[in-house]
Every structure is written in structure tokens, then in C-alpha cells.
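**Q** Predicted model and sequence below, questions to follow.
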Amino acid sequence: MKNVIVALERLAIQITSGEIGTAKHWGGADVAIVANRPSETASSFYPDPRYVVTSPVKRLSWLFVKRKTLFIPYYTFQSKIDFFGRLVNAALRYQTQCKGRMYLWTR
């Protein structure tokens, strides 16, 4: 787990220095990062994912991919739902603090 802590510290430095990559739109573990919230789907066995609606979709998706890569050896099928759910909670809290906008640094 020490290697994960070191990798997270490197990731934080990378982000604060403006070195943010992009990835295809994230969707998985009951989470979806989208530019526009889709309309509700008809009721089904599976609920709709929790959405993070934001303009820097590819950048936030990149951050989710980075976190997934770091933690994949440590989570199970069930704990990944909790893990990514907590990331969504953090993103939504951040949006609330920024009045609905999500800023990811650019240079």
C-alpha cells in the first residue's frame, strides 16, 4: 500500500502542476461522467448510474482512470462501488463549492 501512497503523491503534484491527461468518458461501477445529463431511463433491474455532469469530461475521466489503476489490486466487486461512489461524492461536493462548475487546471 505504500506504493499507492507514493503514486497518489506523484499524481497530486502532476495535477497541481497542470499536467492533466484525458481519457474517454468514464462509465462503470454505477458511475458515469457526462457533459449533459441523459434523461431518465425506463425502470429496469439496474438503477441509472450516479452522474457527474461537467464540461471537462475527459479530464475528470482521466483522473478516475488513474485512481482505478492505482487501487484495482485492493478492491473487490462490491468495494469498487463504494470506492467510485466516494469519488463521485467528492466531485459533486467540489461542484457545489464551485457553484456548479468544475475546474481542472490548465496551462
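**A** Perfect, thanks for sending it.
**Q** With residue 28 as the reference, measure out to the residue sitting nearest the centre point of the chain.
**A** What sits nearest the mean C-alpha location of the chain, by C-alpha atoms, centre = their mean, is residue 64, with 3.8 Å. From residue 64 over to residue 28 the distance is 8 Å, taken as C-beta to C-beta, to the nearest Å. In short, each C-beta sits where N, CA and C put it, glycine included.
**Q** Find residues that contact each of the two.
**A** Residues touching both residue 64 and residue 28 by C-beta atoms under 8 Å, 6 or more residues apart in numbering: residue 84.
**Q** Helices along this protein, start to end?
**A** Assigned by DSSP state H, the helices in the chain fall at 2-16, 57-71, 77-97.
**Q** Looking at those helices, which is nearest to residue 48?
**A** Nearest to residue 48, of all the helices of the chain, is helix 77-97, at 12.8 Å by C-beta to C-beta.
**Q** contacts for that closest one?
**A** 28-31, 50, 52, 54, 60, 64, 67-68, 71, 75, 101-102.
**Q** in terms of contact, does residue 27 touch residue 50 like I think?
**A** No. Residue 27 lies out of contact with residue 50 (C-beta atoms under 8 Å); the separation is 10.9 Å.
**Q** quick one: low-confidence parts of this structure?
**A** Counting by pLDDT under 70, the chain has low-confidence residues at 100-107.
**Q** Buried ones among the contacts of helix 77-97?
**A** Buried members of the contacts of helix 77-97, counted by 16 or more other C-beta atoms under 10 Å: 29, 30, 31, 50, 52, 54, 60, 64, 67, 68, 71, 102.
**Q** what would those look like in a markdown table with distance to residue 42?
**A** Listed next are these as a markdown table, based on distance: C-beta to C-beta, whole Å:
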| residue | distance to residue 42 |
| --- | --- |
| 29 | 22 |
| 30 | 18 |
| 31 | 20 |
| 50 | 18 |
| 52 | 23 |
| 54 | 26 |
| 60 | 28 |
| 64 | 27 |
| 67 | 32 |
| 68 | 29 |
| 71 | 33 |
| 102 | 29 |
